[in-house]
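Q: One predicted model, sequence on top.
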Amino acid sequence: MKLLFITYDADFDEDVMEMLNSLGVTGFTKWDRVLGKGQKGEPRLDDPVWPGFNCAVAAVISDDDQVRILENLKKYCLQRDGKGFKVFVLPVITVI
């Protein structure tokens, strides 16, 4: 199993949630109004100096679904030139 940790511009929220649903990712944890700064982008701190914020989703997927789901997430990322959308993939050792 793998844990997907996806961070994205809040403007993409509807697209991302629809995409995950269409890919069969039905179990997830979502955070709204996530603040921070990526390595290449501008800060998104939801204040007058650095406006805007992100969302984040964590979802566990099976190894069998990993390639299909990651291919679709990569396509979405490339459509946005890698801006405002990032996916981190981590191994899941144990679920309790």
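A: Received it, and whenever you're ready, just let me know what you need.
Q: Mind listing what's buried along the longest helix seen in the chain?
A: Longest helix in the chain by number of residues, with DSSP state H as the criterion: helix 63-79. Across helix 63-79, burial judged by 16 or more other C-beta atoms under 10 Å covers I69, L70, L73, Y76, C77. All C-beta atoms are positioned from the backbone trio N, CA, C, and that covers glycine.
Q: Toward the C-terminus from it, list the very next helix or strand.
A: Note on helix 63-79: by DSSP states H and E, the next helix or strand toward the C-terminus is strand 85-91.
Q: got a list of contacts for that next one?
A: For strand 85-91, contacts defined as C-beta atoms under 8 Å, 6 or more residues apart in numbering pick out 1-9, 12, 16, 38, 66, 70, 73-74, 76-77.
Q: which of the buried residues of helix 63-79 lies closest to K30?
A: Nearest to K30 among the buried residues of helix 63-79 is L73, at 15.4 Å by C-beta to C-beta.
Q: Dig out what the closest residue to the closest one other than its chain neighbours forms beta bridges with.
A: Excluding its sequence neighbours, the residue lying closest to L73 (C-beta to C-beta, 6 or more residues apart in numbering) is V87, at 5.1 Å. Beta-bridge partners recorded for V87 (DSSP bridges): I6.
Q: for K2, same thing?
A: Legend: beta-bridge partners of K2 under DSSP bridges are I61, P91.
Q: Can you report how many residues neighbour it?
A: 16 (other C-beta atoms under 10 Å).
Q: mind showing which ranges of the chain have poor pLDDT?
A: Scanning the chain for pLDDT under 70 picks out nothing.
Q: sorry, back to before: output the longest helix of the chain as PDB, nothing but the C-alphas.
A: What follows is helix 63-79, C-alpha atoms only, in PDB (Å, rounded to 0.1, in the frame of the first residue of the first chain):
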ATOM      1  CA  ASP A  63      -0.200  -1.400  -4.900                       C
ATOM      2  CA  ASP A  64      -2.400  -2.800  -7.700                       C
ATOM      3  CA  ASP A  65      -4.000   0.700  -8.200                       C
ATOM      4  CA  GLN A  66      -0.800   2.700  -7.800                       C
ATOM      5  CA  VAL A  67       0.400   2.900 -11.400                       C
ATOM      6  CA  ARG A  68      -3.100   3.800 -12.800                       C
ATOM      7  CA  ILE A  69      -3.800   6.500 -10.200                       C
ATOM      8  CA  LEU A  70      -0.300   8.000 -10.300                       C
ATOM      9  CA  GLU A  71      -0.400   8.200 -14.100                       C
ATOM     10  CA  ASN A  72      -3.600  10.200 -13.900                       C
ATOM     11  CA  LEU A  73      -2.300  12.500 -11.200                       C
ATOM     12  CA  LYS A  74       0.900  13.100 -13.200                       C
ATOM     13  CA  LYS A  75      -1.200  14.100 -16.300                       C
ATOM     14  CA  TYR A  76      -3.100  16.600 -14.200                       C
ATOM     15  CA  CYS A  77       0.200  18.000 -12.800                       C
ATOM     16  CA  LEU A  78       1.600  18.400 -16.300                       C
ATOM     17  CA  GLN A  79      -1.500  20.200 -17.500                       C
END
